[in-house]
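Trainee: return atomic coordinates for the entry below.
(2 chains)
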Amino acid sequence: MKQISFDEFFLSGMEESISPFLTDNSKKWIKNLGLKISIFSAILFIFSLIFFNINNILSYFLISLIYFSVGIPALLSTIENLKKLDININVLMTLAAIIAILLKRPFEGALLIVLFGISNALEKTLSYKTKSAIHHLNKISPTKAYIIQNLTDKILSEKIEEETILNFSIHEKSIKEVSIGDYIFIKAGEIIPLDGVVIGGISSITLEHLTGETTPIFTKKNDLIPAGSRNLDGILIIKVLKTSYDSTLNQIIKLISSAQKAKPKIEKLFDKITKKYASSIIIFAFLFSIIIPILFSIPYFGMNGSIYRALTFLIAASPCALIIAIPAAYLSTLSSCTKRGVILKGGVIFDTLYNCKIIAFDKTGTLTKASFECTNIDKIGKEKHPDIKEAIAIATTLEKGSTHPLAKALLNLKKKEKNFLKIFIKNFKSIPGYGITADVKIKNSYQKVFLGLSEYIEKKLSNDQKEDLKKIKEAAYKKAQTISVLYVDKQLFVFRFSDSIRTNAKKIISTLKKQNKLEVIMITGDNKNSADFVANTLQIEKVFSNLKPKDKLDIVEKLSKDKNLAMVGDGINDAPSLARSNIGISLGKIGSKTAVDASDIILVKDDLSSLPWLFKKAKKLRSVVIQNLIVALFIILFASSFALFGLIPLYLAVLLHEGGTLIVGLNSLRLLKK
Amino acid sequence: MKKKESIFKLIKKKIRKKILSSEFYKTEKPEHIVAAIDAAKETVILSFILIIIFTQINLTLLSIKMIYFSFLISFAFWKICQTAFISWMRLNKFHKIIKEEKYEIEHHRENEKKELETIYKAKGFSGKLLEDVVDVLMADDNRLLQVMMEEEMGLVLRRYEHPLKQAIFSALGVLFSSMFLIFTLNKPYEFFFLGTFIFVLTSLYSKTNISFKIIWNLAILALISIISFFSIKYFMLTL
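Mentor: Next up, the predicted model:
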């Protein structure tokens, strides 16, 4: 039985296109169905116009198909809206289309609903993506835990090996059924399912999903570990301290949910305005049809009658230009952004971008590359051999095949090295949590070597070596470096690793400050020392470091309220901040799926240099939007007032209306320029 | 008492499962193919009725062709709408069921556990093995939901085609039948022979034995043709 994940389906509000009942082929087939139908209707509309003079029966047949495929869903949605007494733009457009049919102007009505359908479908397609952010967090969140039964404190007081644990009965249980005080067993490479305290085993864990920090943390007995951290090597036995409901990972999921709900203020405002506009137009049209004959000697019926005038007014005042032309400006900008490798989830993001006064960067993975680089190798010892070249050869041979982040950095050294030495090793053994040991052939004999945490071999070092190691550690700490040691033939080699800063980061920060007039800050969960080092290098004056997810979110929320914040991040830990900030910007390549989903803007190529361009583009869009609004409103006012005075017939009102749409549409196309 | 409740609930769900499965074709064939075959078959029957009527009234061949062509277009659209509508209703029903089951899993875990025990007991599991199986299934909500949908409700996941795909295939079914029939409108024998051949061909998908299904389907086709022939004769004579 192939296992199915239902999470995404339920989170999407049971979206039909990802229904678990449908075959995979059907799901692909039906993706973006609304948009496909709207585009198909637009093609039908073009054909109906072409055929009008050749065969008008065929033309009307095609128009009927358009009303059926796009009109019926719009009508159903209108009925639903009316049931809730919600008079919005949907209602107005449907009403306008119905009136167009009654006035024997089906083509104008069809054009209205087709364009409206495309606009709605695009909006839905873009906004759907944001809903799946939590799904990807759920994906990394374990659903089950391995409970150890019959484990006693006496056994726990002894040294626990993997083999010993395997003698116990280990039971798979849903994390929802795990209680506080239960003992759970965590294998190497697994995500910790619940918050707890280590009561057995030694390992290294990373908190990349929670704080973004990728540096491994040595974990031993009595250490507290949060749910969501990854166990890198060794086994761990933990006593559960929090239920799944209160776990750290679940708290992050909840934070994202609330952040997403709290977000669309601008959208709400837009909805409010259009809702009022739509209902006002309907009320005015109704009133005009009744009042005009009372005030003036104008009949109710006929081509010059009040009903005809009111209906012309309704069509003329229909916010077609506002609905189509404004999104056209946004869509043109969106399109130019896409060409540049910047994806935005919806047009309203530009408005917020325009108002941004401050931009915050996460550190690891955003300003730095989130991959360690071995920057220094120090030798502590007087012997000529082994030298640094031999040390590199030994270290990389020992780490061959390892996925540990520091091991990867060591293996990268091998790629740079020419005439790489061949090293023979035997009796290779992993010391969980500490490192590795093996016998390495040096000077025709096998010597015991160790590679890993300095704590493991400190007692073997001479006092001088200890002193030198301490100095190197202090120097490394100041530069936010992580160290790993190689102990071989009483010689000590210290490998220092740094998370390297992106090459163009300094220039981009400077442009954002000077050209875009933005305040640049850094908000990170990483330790103060490493955050300060990066901030100083990049000339970022304000730094918030060592933050827990909740603190980070509080700062983001405050800055979002006060200064309109754009937040740039990449990790799962950044997802709540990205969702809560006015604008969340994530990096597409390096960024986690959750961060990408929670953000509003994705830099597909991880190219931070698109940021200054993007802020500039938002300003240009604003000026085009203002021009469009002036033109659209002028035409609406002109056409609707003339319609009321009976100075223009219905078809002219439609032409003026559509003409206005065309003008502002063409104006919007200027934004397509990259 | 609780055990009784879970068995009672399970029986209720089993009854519901029967109702659900009885509504739909129990065939191994993909649903869009079934929709196309059914539409092709219906096109043959309706074409026979129409042609029998046409033979009894004075119409030119051109008029017959025009009427028949209009009928085919309308019928194809009817099949698209009808198939899509029915399939959508069914898909919505499935979604409602899965939502209810998810709620049960989240809020009445103990009941679900007991139901699971009852299901696997019926499969022959017992004692410690039964407990282990139930615990393993209960450990993962996704897996549990899938098991409940398939074992309890009899709904197979990832099996159904999208309503629109079925609808389009039903239109293709109409097109398949009509593209042969329309060219033989002026040759009644060929028309009836070809129609019968298509009808028999489309009858082959059901699981009963070949002679049984051919004979029955031919008999149905013959009966409908005879009824339409005699009824038109009768009404023409009496009016």
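
Trainee: how close does the nearest residue to A:Q515 once chain neighbours are set aside get to chain B?
Mentor: Excluding the flanking residues, the one nearest A:Q515 by Cβ to Cβ, 6 or more residues apart in numbering or on different chains is A:P612, at 5.9 Å. For glycine as for every other residue, the C-beta is placed from the backbone atoms N, C-alpha and C. In this structure, A:P612 and chain B are 44 Å apart, going by Cβ to the nearest Cβ, to the nearest Å.

Trainee: A:Y456 versus A:P612, what's the distance?
Mentor: 48 Å (Cβ to Cβ, to the nearest Å).

Trainee: enumerate every residue touching the residue of the stretch 201-350 of chain A found nearest chain B.
Mentor: With Cβ to the nearest Cβ as the measure, A:S244 is the residue of the stretch 201-350 of chain A nearest to chain B, at 11.1 Å. Listed by Cβ atoms under 8 Å, 6 or more residues apart in numbering or on different chains, the contact set of A:S244 reads A:I175, A:K176, A:V178, A:P193, A:L194, A:A227, A:N250.

Trainee: tally of neighbours for residue 97?
Mentor: This is for chain A. 28 (other Cβ atoms under 10 Å in any protein chain shown).

Trainee: meant chain B, my bad for not saying
Mentor: There are 19 residues near B:I97, going by other Cβ under 10 Å.

Trainee: quick one: secondary structure of it?
Mentor: helix (DSSP: H, G, I helix; E, B strand; the rest coil).

Trainee: on the three-state scheme, B:S177 is what?
Mentor: Going by three-state DSSP: B:S177 is helix.

Trainee: name the helix or strand for A:K429, please.
Mentor: strand A:425-431 (DSSP states H and E).

Trainee: which other helices and strands contact that strand?
Mentor: Using 3 or more Cβ pairs under 8 Å, 6 or more residues apart in numbering or on different chains; DSSP states H and E as the contact test, the elements touching strand A:425-431 are helix A:388-399, strand A:435-442.

Trainee: so which of those is nearest B:S177?
Mentor: In terms of Cβ to Cβ, the element of those nearest to B:S177 is helix A:388-399, at 69.1 Å.

Trainee: quick one: average confidence on the closest one?
Mentor: Average pLDDT, helix A:388-399: 82.

Trainee: buried residues in it?
Mentor: A:E390, A:A391, A:I392, A:A393, A:I394, A:A395, A:T396, A:T397, A:L398, A:E399 (16 or more other Cβ atoms under 10 Å in any protein chain shown).

Trainee: now swap in stretch A:21-37 and tell me
Mentor: A:F21, A:L22, A:T23, A:S26, A:K27, A:W29, A:I30, A:L33, A:G34, A:L35, A:I37.

Trainee: near chain B, anything from that stretch?
Mentor: Yes. Counting by Cβ under 8 Å from any Cβ of the partner chain, chain B has neighbours in stretch A:21-37: A:F21, A:L22, A:T23, A:D24, A:N25, A:S26, A:K27, A:W29, A:I30, A:L33.

Trainee: before we move on, the earlier item: closest one of the buried residues of helix A:388-399 to chain B?
Mentor: A:E399 (35.2 Å).

Trainee: and the longest strand seen in chain A, how far out from the chain middle?
Mentor: Using DSSP state E, we find that the single longest strand of chain A is strand A:368-380. Between the mean C-alpha location of strand A:368-380 and the chain-wide mean there is a distance of 30 Å, by Cα atoms, centre = their mean, to the nearest Å.

Trainee: also stretch A:13-25?
Mentor: 23 Å.

Trainee: how long is it end to end?
Mentor: Start-to-end span of stretch A:13-25 (Cα to Cα, to the nearest Å) is 21 Å.

Trainee: thanks a lot, see you next time.
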